[in-house]
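1. fold the following, please.
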Amino acid sequence: MQARKKMKPGLVMAVCGLVLTFGDVTRAGEDGAGQDVNWADPNEASWFSVSWTSVSLSTTLYNPAENPTQAAEGVSRELAISGQIRVLDPNWVLGLSYTTADCRAIDEQGVEWATSSGMSWMRSYSSLPTRFPRGVGLSFPMDPNRGYPLLLKEVSWSTYALLFRAKQSVDTPFQVTGQWVQIVPGVKILMEEATSQDGTYRYQFKAEFDGKSNPFTPIAIIREGQALAENLITKIQLLDAKGTPVNDASTGGGVFSSSMSGSTGNATCSGSGRCSACGGVKTMRFAVAVNPYEVKIPFVLTDIPVPTF
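-> Residues are numbered from 1 along each chain as shown. Predicted coordinates:
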């Protein structure tokens, strides 16, 4: 098992109201129902960075004949900020949440334009790509009767990250034996299909696990009262006799697919592929994230200009 090492802290920047597209897992805050989770330490916070890419200001006027309720409220204006989020060090990051809290926007005069606080009883997580940034977005309602700020001196907020403390790999033969095999404590599999010949492979296995949280799903939904699995399967690799992964496009190209379905306590996982080395699969390797946990990441952007009409 490989444990996490200390890393140097770095600059952290991001944007309020994250709009991210993820994959899912499930777990409640460790601090108890109705309580917020711990803040990330400077080392953990340094793994994330965001920059803004555009700022837009919109004005909306509703037709009273069609939308009398909205029209009665008068003209509405909104400031929207778009940006990109990057994971600077993905080694210990499982995913980011859509949920944000503690949001503040302060203009050059020190006036607050938007605030929010608290935590959500449910937060969705998903794994992040490491090669490309993800889009982020936030919006602030603007009072049309107030003068516009020249810039937002500071935009700050927090969002939730799902991290883990250690990693390990577990190997099992790529063959049907009729026997259940333990991958990690509380998780076992039964191979139902394992074929590898003529440049193709296919596999399918059943999985049984303790608790309600599926350790094989790539998505996490955190709810009060639920517990996340102590071990999460983050990746399945198929290795040839030399230990080289064959179901990885970066090792020579090919066509690969996989799927998972299941319910409380069990799942069925399957996959197939076609490549020059796919006929020589000998081992199935499970990458395991040990002791996943949730933290709040503080973010700050400064000196964001505000457009005018």
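2. list the buried residues of stretch 39-50.
-> 40, 43-50 (16 or more other CB atoms under 10 Å). Every residue, glycine included, has its C-beta placed from N, CA and C.
3. show me how far that stretch is from its chain's centre.
-> A distance of 15 Å separates the centroid of the chain from that of stretch 39-50, by CA atoms, centre = their mean, to the nearest Å.
4. gap between the two ends of it?
-> For stretch 39-50, the first and last residues are 18 Å from each other (CA to CA, to the nearest Å).
5. picking up where we left off before, lowest-confidence member of the buried residues of stretch 39-50, which is it?
-> Taken together, the buried residues of stretch 39-50 show their lowest pLDDT at V50, with 85.
6. with respect to R202, which of the buried residues of stretch 39-50 is nearest?
-> W47 (36.9 Å; CB to CB).
7. surely that closest one meets I85?
-> No. W47 is beyond contact range of I85, at 11.2 Å (criterion: CB atoms under 8 Å).
8. what's the closest non-adjacent residue to D107?
-> Residue nearest to D107 in three dimensions, not counting chain neighbours: P149, with 3.3 Å by CB to CB, 6 or more residues apart in numbering.
9. dump the residue contacts of that neighbour.
-> For P149, the contacting residues are 107-109, 111, 113, 306, by CB atoms under 8 Å, 6 or more residues apart in numbering.
10. show me how to select, in PyMOL, the buried members of these.
-> Typed into PyMOL, the line below selects the buried ones among those, using 16+ other CB under 10 Å:
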select buried, resi 107+113+306
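11. out of the contacts of P149, which are inside helices?
-> Using DSSP state H, no member of the contacts of P149 falls in helices.
12. where does confidence bottom out across the contacts of P149?
-> For the contacts of P149, the weakest pLDDT value sits at W113, with 76.
13. got a list of what that one touches?
-> 79, 105-107, 140, 142, 149, 152.
14. got TSV for those, with distance to N63 and secondary structure too?
-> Formatted as TSV, the contacts of W113 follow (distance: CB to CB, whole Å; DSSP: H, G, I helix; E, B strand; the rest coil):
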residue	distance to N63	secondary structure
L79	24	strand
A105	30	strand
I106	35	strand
D107	32	strand
F140	25	strand
M142	21	strand
P149	30	coil
L152	32	strand
